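Trainee: Turn this into a model:
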Amino acid sequence: MTVAVRVIPCLDVANGRVVKGVSFENLRDAGDPVEAAVRYEAEGADEVAFLDIAAAHEKRGTLVELVGRVAEVLSIPFTVGGGVRSVEDADALLRAGADRVTVNTAAVEDPSLLTRLAERFGAQCVVVAIDGKRVRHGSGLAVMRVMTHGGRRETDRTVIKWAAEATGAGAGEILLTSVDADGTQAGFDLEMLRAVRTAVDVPVVASGGAGQLDDFAKAVLVGGADAVLAASVFHDRVFTIGAVKEAMRRAGLAVRPAPAHVRTLLLRYDANGLVPVIMRDVVTGNVLTLAWANAEALAKTRETGLAHFYSRSRKALWQKGETSGNVQRVVGISLDCDADAVLYDVRPSGPACHTGADSCFSRVETFDTFEPGAGPSDALDLTELFAVVRARKEAPVAGSYTNELLEAGVARIAQKVGEEAVETALASVTGDAKALAGEAADLLYHLAVLLTARGVAPGEVAAKLTERRGAPRRENP
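Mentor: Have a look, this model is predicted:
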């Protein structure tokens, strides 16, 4: 095993597009390979693999022009395979920008090709791709057979013997894909990995079957892989490269850190790479909704300041309010003590619930001991006041005094705050308690309007009070 485990997203390409299927069949479009390569490098991929899975079946060379376009946007190692049948084919790919070439079908048909490639370019440039599948003939035991032509044809070679032969012929690395596990997201084929690991002493890349975050660490710790490769979970944005690396790091494995601008919060994601996120109105303190986020959603939230989540049903990233316009502007992100839940403090631009309600939560039961509005007589809760003022700002009401103040501008509101402050001070020395309470109420109201007009949330004021609560008292000079 290498010092740092490599995390490699794979671009399975057919007809110039990234595709993905299950057990090499039922392929679906998964995007543009150039765009995907750029995103993966930005997320911290250690390498990108490009496999033209239809080249051997269609008896043609790899798409050299497309390889060149991908290579132009990458600064990390780039391995290319599919349709490499000669030294000339490999030379064209390396000249186009590939760092290494992967050979499968042609090497099985003529193992000497691996030797010629190693002699010409060096073993470090030669990767043998082995597609293994368990095959049972009659009532006999299942045998791990080597498949060619994009996993379509069975050969008489066994995976273990071919791995040893291929590395002996000159291959400097093995890309081992389990056809049985490919695209199933049921986990890497640990048995096949372990069998190959014991037969060779070159790096082995695990491929096929990743579906949970801990699958990647298992491929290394149990299967003995030196690198992990995946496609579906990255293409569908189930996991980011950063989330996979963080999970592997937590498992005690050495990984190269992702770039600083994409490093994830140190969270304990669940087996699906998700954490629950509670969204709370920073002004009212009301809980608005509960959703789920992966590392990419959290990174996007931090980057844009708008609440982003991950849809478990659509398997896609989404921005809250992207269609309704009711975006939620995040002013703070908090983690719970176990680092397995997140709190977004937000300033809503509209209802948080798809039903049109401000919150997705509604009380369904009230206990006898609870009386709405009841509490200590000395409690002062300005939540409703700030909520009303904010509502007037976002949706003006004709004849509203609050809207008249807001329209008059900050200077006029500040003047009113000064006037009310003076009247409050006078009431404290000349009036009774009732008069003082009335003037104080006027002062607080106008102060709420001023803060709202300037875009200062009450939570920011509360944070300052908390900050000063523990500050040492300064002595007069």
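Trainee: give the contact list for the nearest residue to Gly132 once chain neighbours are set aside.
Mentor: Excluding its sequence neighbours, the residue lying closest to Gly132 (C-beta to C-beta, 6 or more residues apart in numbering) is Val159, at 4.0 Å. C-betas here are computed from N, CA, C, even on glycine. Val159 makes contact with 130, 132, 144-146, 176, 192, 195-196, according to C-beta atoms under 8 Å, 6 or more residues apart in numbering.
Trainee: Mind checking which of those residues land in helices?
Mentor: 192, 195-196 (DSSP state H).
Trainee: And the most centrally placed residue in the chain, how far from Leu253?
Mentor: The C-alpha lying nearest the average C-alpha coordinate of the chain belongs to Glu296 (C-alpha atoms, centre = their mean; 2.4 Å). Glu296 sits 21 Å away from Leu253, going by C-beta to C-beta, to the nearest Å.
Trainee: from memory the residue nearest to the centre of the chain sits against Ala316, does it?
Mentor: No. Distance between Glu296 and Ala316: 10.4 Å, which falls outside the contact criterion (C-beta atoms under 8 Å).
Trainee: about what we covered before: what's the closest of the ones in helices among the contacts of Val159 to Leu74?
Mentor: Nearest to Leu74 among the ones in helices among the contacts of Val159: Val196, at 28.0 Å, using C-beta to C-beta.
Trainee: Got the domain ranges for the protein?
Mentor: Per automatic domain parsing, the domain ranges recorded for the chain read 6-262, 275-348, 383-468.
Trainee: Let me know which of the ones you listed is the nearest to Asp358.
Mentor: domain 275-348 (7.0 Å).
Trainee: ends of that closest one, how far apart?
Mentor: 22 Å (C-alpha to C-alpha, to the nearest Å).
Trainee: what's the helix or strand that contains Val80 in contact with?
Mentor: Assigned by DSSP states H and E, Val80 belongs to strand 78-81. The contact list for strand 78-81, computed with C-beta under 8 Å, 6+ apart, reads 8, 37, 47-52, 62, 67, 70-71, 93, 97-104, 127, 129, 175.
Trainee: PyMOL command for the buried members of the ones in helices among the contacts of Val159?
Mentor: Buried residues among those (16 or more other C-beta atoms under 10 Å), as a PyMOL selection:
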select buried, resi 192+195+196
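Trainee: how many other residues sit next to Asn286?
Mentor: 16 (other C-beta atoms under 10 Å).
Trainee: same deal with Trp292?
Mentor: 17.
Trainee: remind me which residues of the stretch 51-200 of the chain are low pLDDT?
Mentor: Applying pLDDT under 70 to the stretch 51-200 of the chain picks out residues 53-62, 138-139.
Trainee: again, 50 this time
Mentor: Within the stretch 51-200 of the chain, the stretches with pLDDT under 50 are 56-57, 59-60.
Trainee: on that earlier part again, could you export the domains of the chain to JSON lines, including columns for distance to Phe361?
Mentor: Formatted as JSON lines, the domains of the chain follow (distance: least, C-beta to C-beta, whole Å):
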{"stretch": "domain 6-262", "distance to Phe361": "28"}
{"stretch": "domain 275-348", "distance to Phe361": "6"}
{"stretch": "domain 383-468", "distance to Phe361": "16"}
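Trainee: thinking again about what came up before, wait, what's in contact with the residue nearest to the centre of the chain?
Mentor: By C-beta under 8 Å, 6+ apart, the contact set of Glu296 is 43, 237, 240, 243, 310, 317.
Trainee: Most neighbours among those residues, which one?
Mentor: Thr240 (27 neighbours).
Trainee: Could you report the pLDDT at that residue?
Mentor: Note for Thr240: predicted pLDDT of 78.
Trainee: so how far is stretch 390-402 from its chain's centroid?
Mentor: Its chain's C-alpha centre and that of stretch 390-402 lie 39 Å apart, by C-alpha atoms, centre = their mean, to the nearest Å.
Trainee: Can I get it in CSV? Just the C-alpha atoms.
Mentor: Output in CSV follows, covering the C-alpha atoms of stretch 390-402 (Å, rounded to 0.1, in the frame of the first residue of the first chain):
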residue,chain,number,x,y,z
ARG,A,390,-39.2,42.6,9.0
ALA,A,391,-42.5,41.5,7.5
ARG,A,392,-43.4,45.2,6.9
LYS,A,393,-40.1,45.8,5.2
GLU,A,394,-40.5,42.8,2.9
ALA,A,395,-44.2,43.3,2.2
PRO,A,396,-45.2,47.0,2.8
VAL,A,397,-48.7,47.7,4.1
ALA,A,398,-50.5,50.9,3.1
GLY,A,399,-50.9,53.3,6.1
SER,A,400,-48.4,51.4,8.2
TYR,A,401,-46.4,53.7,10.5
THR,A,402,-43.5,51.2,10.3
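Trainee: now what about that stretch, what contacts it?
Mentor: 283, 349-350, 388-389, 403, 406, 449, 452-453.
Trainee: try 10 Å this time
Mentor: 281, 283-284, 347-350, 358, 388-389, 403-407, 413, 445-446, 448-449, 451-453, 455, 457-458 (C-beta atoms under 10 Å, 6 or more residues apart in numbering).
Trainee: mind putting the contacts of Glu296 in TSV, secondary structure included?
Mentor: What follows is the contacts of Glu296, written out as TSV (DSSP: H, G, I helix; E, B strand; the rest coil):
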residue	secondary structure
Glu43	helix
Arg237	coil
Thr240	coil
Ala243	helix
Tyr310	strand
Leu317	strand
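Trainee: List just the nearest of the residues you listed to Asp32.
Mentor: Arg237 (14.7 Å).
Trainee: Give the residue spans of the stretch 351-477 of the chain that score low on pLDDT.
Mentor: 375-376, 476-477.
Trainee: What are the boundaries of the helices in it?
Mentor: 383-394, 401-408, 410-430, 433-453, 458-469 (DSSP state H, counting those that start in this stretch).
Trainee: Turn the ones you listed into JSON lines, columns for distance to Leu229 and mean neighbour count.
Mentor: Shown next, in JSON lines, are the helices of the stretch 351-477 of the chain (distance: least, C-beta to C-beta, whole Å; neighbours: other C-beta atoms under 10 Å):
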{"stretch": "helix 383-394", "distance to Leu229": "49", "mean neighbour count": "17"}
{"stretch": "helix 401-408", "distance to Leu229": "57", "mean neighbour count": "16"}
{"stretch": "helix 410-430", "distance to Leu229": "57", "mean neighbour count": "15"}
{"stretch": "helix 433-453", "distance to Leu229": "53", "mean neighbour count": "18"}
{"stretch": "helix 458-469", "distance to Leu229": "45", "mean neighbour count": "12"}
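Trainee: what's the closest of the ones you listed to Lys300?
Mentor: Closest approach to Lys300 among these (C-beta to C-beta): helix 458-469, 22.7 Å.
Trainee: what separates the closest one from the chain centre, distance-wise?
Mentor: Averaging C-alpha positions (C-alpha atoms, centre = their mean) puts helix 458-469 32 Å from its chain's average.
Trainee: Show me what that helix is packed against.
Mentor: strand 328-335, helix 383-394, helix 433-453 (3 or more C-beta pairs under 10 Å, 6 or more residues apart in numbering; DSSP states H and E).
Trainee: relative to strand 328-335, how tilted is it?
Mentor: Between helix 458-469 and strand 328-335, the angle comes out at 30 degrees (axes from the mean of the first three to the mean of the last three C-alpha atoms, to 10 degrees).
Trainee: residues making contact with helix 458-469?
Mentor: Contacts for helix 458-469 (C-beta under 10 Å, 6+ apart): 280-285, 331-332, 345, 347, 382-383, 385-387, 390, 447-448, 451-452, 457.
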